[in-house]
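Participant: Got a predicted structure plus its sequence, pasted below:
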Number of protein chains: 2
Amino acid sequence: MRSFGADTRLPTLAVVLDIIRERGAVSRVELADATGLTQATMTHAVRKLTALGLVHEVGTAPANRGTPRRLIGIRADACYMVGVQLDQFAAVGVVVDLAGRVVVRHDMPGSGKRPIAEVVADLAGQVRSMLDEAAVPREKVLGLGLATYGPQDREAGVVITPHPTPEWLRYPLAETLAAATGLPVALENDATAAGLGVQTQGGSGSNFAVVFMSGGIGGGVILDGHPYRGVTSNGVELGHISVDALGEECPCGNRGCLDPIAGPRPVVERALENPALAARLGLGADTLTDFNLIGRAAREGNAEAAALIADSAQRLAIATVSLVNMFDVGRVVLAGHAFTESGPAYRDVLQVVLNRRVFMRHVHTVEVELAGDVAQATAVGGAAVVLRNLLESPNPELRTAVS
Amino acid sequence: MRSFGADTRLPTLAVVLDIIRERGAVSRVELADATGLTQATMTHAVRKLTALGLVHEVGTAPANRGTPRRLIGIRADACYMVGVQLDQFAAVGVVVDLAGRVVVRHDMPGSGKRPIAEVVADLAGQVRSMLDEAAVPREKVLGLGLATYGPQDREAGVVITPHPTPEWLRYPLAETLAAATGLPVALENDATAAGLGVQTQGGSGSNFAVVFMSGGIGGGVILDGHPYRGVTSNGVELGHISVDALGEECPCGNRGCLDPIAGPRPVVERALENPALAARLGLGADTLTDFNLIGRAAREGNAEAAALIADSAQRLAIATVSLVNMFDVGRVVLAGHAFTESGPAYRDVLQVVLNRRVFMRHVHTVEVELAGDVAQATAVGGAAVVLRNLLESPNPELRTAVS
């Protein structure tokens, strides 16, 4: 549980660094305007970021009067972060530089139901090989952000769920992966990470909700550039919003949850009930692969596949209306492997439904968009978490002095 | 829409004043500990609150070493705020002092479907008469907070809904009431106000959700002592969370919303379909009165009434699980006139259901409680909004110097 005071100390450094990264080169005056912070606070923040070696002066711009303004820019190669997104069906690893650019990316198999020790050892091997490919000095690698499903105890670095196998429940995931990679490991909710990844790569502003769909459905909310966390970072569980109050019991404990009614798994199950369809689409692999095959067939005009996707999209859209009615955001971004093929179809249904049904639609519009790279955003966000944790710590220091 | 920077300026004064009020008498060191703010920030905040005349030194306490600590306390009579909660079926007005004590309270009729001009004139008359009864100097009255349903444009001081009559849509509600009372008027969502009212009167901590039920169902979230606002303060619409994704269209635009399925109105409608029950309970007044009659009968052992309440409570409980799954809070507080009779029944059902069904229940518990005075909390919160708006303004000043 977070203490009363935890959130009254604002992560100023993270906010300021985000803006510098977004704008490329920016003066202190512009930074103060963009953040609402005082000049004094801004000067302090820029000084701290400079001392950390993360930003530097990149030139000057003419001012309306007086001396030219000095422009601050990011030092893209000051440090690097590793991000990994992992679920049962897919995993992606990235090495990201301070400018948010993906230096190396590996698409990897999901955990499946393999023993955790094997999963962690494989991940660690992939991380080592990504860092070799990136050819960045190891002392510049700040750490690894592991984005996965929940519920989870971020501080302890454990997931509190027996999925996909009972072994996962409270397994020392972050600790084991840290030992295997030699990097500090931070755990993060996958949908929240997707939001941070979208933000790192720009374009969706600083207030939006994430609808995340991979093996299952999740949600995240970014407000004023910060993840919504609640008291234990276990909120925004879009997949476990009840869409049928007296419906069937969900393994999560609730009744009539969205995920088991409209997520990839039930869509695939319905397709498999139609043997001719299943044969035509070549189904029979894992849930995510099958779901993407159905999505592709829908896109290519298969009416049965399209009906399955449309039904799922309608229900997801209504739950997304509830999400927006809860968090009052002006933008919804879709991310996750399950949108690889059917992203545009879901986006279009969600946009139509949100236009008609959102409670505050006469106050403001709500735009729906796809993440630039639906399969990569979450891993990039995992990397972003490493940097944010550092900058939000009471007295941030890089592991080693950055030259 | 709020700008990027709006929330990076923390409402320090409001936080500090809340803690001083809660604790009665507190040293600067305790305040710094309780808020996580630096000593320097705290000294600045206490100086500002002292200059505003809101707090003063109330004594000293022995320190572990060195000079005794000076204790800060609230000046309860420094200023007063008026709070009004209004909906179609009920209204409550209060005059509250700076210590959060209710000096005067008027229970008043709701708006019904009367012409707005008449509703506003009546409210203004009640406000004048409350201030006369309170016998406080008019220059010490900071303003009036009007807590009502939504959607609303808080800045413009208008509701954006044609309920209960089309005349309400974008009617200059705050402006007209301000002109009629001579007081600045702030508009607030009723459920959010209930949360602020509960907090003003202490006991529920600084992180909790509100389930509000009067003529309809609403929701609010208080996080680290601040209302969750989203981008336009129109979030946490619990009554318009869909509990039946493909269900009937709700007047709000969404499908299968909780309120028309489980709120006071459908409960009363179901009771009225049973003429014997309706006659026995003496139904036939307005929705809220009838609902409370059903609630009382249920409490007194009428099985048919109890079944109606139990069904509503089950559905509300599942939606509350969704609310908690969205916002990840550790406490749920019930407030609003509709809990007058059946509050304990709803509380008990919600507690059982939340214990079993909340997504993060293995991470932390979620406690359910009734507001100390379910009918009054919202009006008290309306009064609290006046003070918060003042303290959150860039350069707070009282309307007139406080002596």
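Facilitator: That came through fine.
Participant: tell me the domain ranges of chain A?
Facilitator: A:6-74, A:80-196+A:378-392, A:206-370 (automatic domain parsing).
Participant: Least reliable of those by average pLDDT, please.
Facilitator: Note on the domains of chain A: domain A:6-74 shows the lowest mean pLDDT, a mean of 84.
Participant: Could you export the domains of chain A as JSON lines, including distance to B:Val103 and mean neighbour count?
Facilitator: Glycine gets a C-beta too; all of them are placed from N, C-alpha and C. Formatted as JSON lines, the domains of chain A follow (distance: least, C-beta to C-beta, whole Å; neighbours: other C-beta atoms under 10 Å in any protein chain shown):
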{"stretch": "domain A:6-74", "distance to B:Val103": "30", "mean neighbour count": "17"}
{"stretch": "domain A:80-196+A:378-392", "distance to B:Val103": "43", "mean neighbour count": "21"}
{"stretch": "domain A:206-370", "distance to B:Val103": "34", "mean neighbour count": "22"}
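Participant: Let me have those domains in CSV, adding distance to chain B as columns.
Facilitator: Formatted as CSV, the domains of chain A follow (distance: least, C-beta to the nearest C-beta, whole Å):
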stretch, distance to chain B
domain A:6-74, 2
domain A:80-196+A:378-392, 5
domain A:206-370, 3
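Participant: how about those domains, which one is nearest B:Cys79?
Facilitator: With distances scored as C-beta to C-beta, the stretch of these nearest to B:Cys79 is domain A:6-74 (24.1 Å).
Participant: from the chain's centre, how far out does that closest one sit?
Facilitator: 25 Å (C-alpha atoms, centre = their mean, to the nearest Å).
Participant: now the residue lying closest to A:His362 once chain neighbours are set aside: how far from B:Arg170?
Facilitator: Closest residue to A:His362 apart from its sequence neighbours, by C-beta to C-beta, 6 or more residues apart in numbering or on different chains: B:Ile160 at 4.9 Å. B:Ile160 sits 6 Å away from B:Arg170, going by C-beta to C-beta, to the nearest Å.
Participant: And for A:Asp286?
Facilitator: Relative to B:Arg170, and taking C-beta to C-beta, A:Asp286 is found at 52 Å.
Participant: Following the chain past the strand or helix carrying A:Arg21, name the next helix or strand.
Facilitator: For A:Arg21, the host element (DSSP states H and E) is helix A:12-23. The element immediately downstream of helix A:12-23 (helix or strand, assigned by DSSP H and E) is strand A:25-27.
Participant: contact partners of the helix holding A:Arg21?
Facilitator: Residues from elsewhere that reach helix A:12-23 (C-beta atoms under 8 Å, 6 or more residues apart in numbering or on different chains): A:26, A:30-31, A:34-35, A:37, A:41-42, A:45-46, A:48-49, A:54-55, A:72-74, A:98-100, A:199-200, A:202, A:206, A:225-226, A:387-388, A:391-392, A:396, B:8.
Participant: Output stretch A:247-258 as PDB, restricted to C-alpha atoms.
Facilitator: Backbone C-alpha positions of stretch A:247-258 (Å, rounded to 0.1, in the frame of the first residue of the first chain) are rendered in PDB as follows:
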ATOM      1  CA  GLY A 247     -23.100 -14.200 -15.400                       C
ATOM      2  CA  GLU A 248     -20.700 -17.100 -15.000                       C
ATOM      3  CA  GLU A 249     -18.000 -17.100 -12.400                       C
ATOM      4  CA  CYS A 250     -14.600 -16.200 -13.800                       C
ATOM      5  CA  PRO A 251     -11.300 -17.800 -12.500                       C
ATOM      6  CA  CYS A 252     -10.500 -14.300 -11.100                       C
ATOM      7  CA  GLY A 253     -13.400 -14.600  -8.700                       C
ATOM      8  CA  ASN A 254     -15.800 -12.100 -10.300                       C
ATOM      9  CA  ARG A 255     -18.800 -12.900 -12.500                       C
ATOM     10  CA  GLY A 256     -19.400 -12.300 -16.100                       C
ATOM     11  CA  CYS A 257     -16.000 -10.800 -16.800                       C
ATOM     12  CA  LEU A 258     -15.200  -9.400 -20.300                       C
END
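Participant: Off-centre distance for that stretch?
Facilitator: Using C-alpha atoms, centre = their mean, the offset of stretch A:247-258 from its chain centre is 25 Å.
Participant: Validate this expectation: A:Cys252 resides in a helix.
Facilitator: No. Assessed with DSSP: H, G, I helix; E, B strand; the rest coil, A:Cys252 is coil; it does not lie in a helix.
Participant: Next up, the contacts around it.
Facilitator: A:Cys252 sits in contact with A:237, A:240, B:357, B:359, where contact means C-beta under 8 Å, 6+ apart.
Participant: From A:Thr200, how far out is the second one?
Facilitator: Read that as A:His240. 27 Å.
Participant: try the third one
Facilitator: Summarising the geometry, the distance separating B:Arg357 from A:Thr200, computed by C-beta to C-beta, is 35 Å.
Participant: Pull the contacting residues for the residue nearest to A:His362.
Facilitator: A:360, A:362-363, B:150-153, B:169-170.
Participant: Same check on A:Arg75?
Facilitator: For A:Arg75, counting by C-beta under 8 Å, 6+ apart, the contacting residues are A:53-56, A:98, A:402.
Participant: Take the residues you listed and write them to TSV, including secondary structure.
Facilitator: Formatted as TSV, the contacts of A:Arg75 follow (three-state DSSP):
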residue	secondary structure
A:Gly53	coil
A:Leu54	coil
A:Val55	strand
A:His56	strand
A:Leu98	coil
A:Val402	coil
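Participant: In chain A, what residue spans correspond to helices?
Facilitator: Along chain A, the segments classed as helices by DSSP state H run A:12-23, A:28-35, A:39-51, A:116-134, A:173-181, A:190-200, A:258-262, A:264-272, A:275-281, A:287-299, A:303-327, A:339-357, A:377-392.
Participant: Bridge partners for the residue nearest to A:Asp107 when sequence neighbours are not counted, pull those for me.
Facilitator: The shortest distance from A:Asp107 to any non-neighbouring residue, by C-beta to C-beta, 6+ apart, is to A:Val92 (5.6 Å). Beta-bridge partners recorded for A:Val92 (DSSP bridges): A:Gln85, A:Asp107.
Participant: correct me, but A:Val92 touches A:His106?
Facilitator: Yes. Between A:Val92 and A:His106 there is a contact under C-beta atoms under 8 Å: 7.1 Å.
Participant: Tell me the backbone dihedrals of A:Gly216, please.
Facilitator: Backbone dihedrals for A:Gly216, given as degrees, to the nearest 10, come out at phi -140, psi -170.
Participant: which ones are touching it?
Facilitator: A:87, A:149, A:239, A:259, A:263-265 are the contacts of A:Gly216 under C-beta under 8 Å, 6+ apart.
Participant: same question, A:Leu283
Facilitator: Contacts of A:Leu283 (C-beta under 8 Å, 6+ apart): A:268, A:271-272, A:277, A:290, A:293-294.
Participant: switch to 6 Å and redo it
Facilitator: For A:Leu283, the contacting residues are A:271, A:290, by C-beta atoms under 6 Å, 6 or more residues apart in numbering or on different chains.
Participant: Can you tell me how far it is from B:Val104?
Facilitator: 70 Å.
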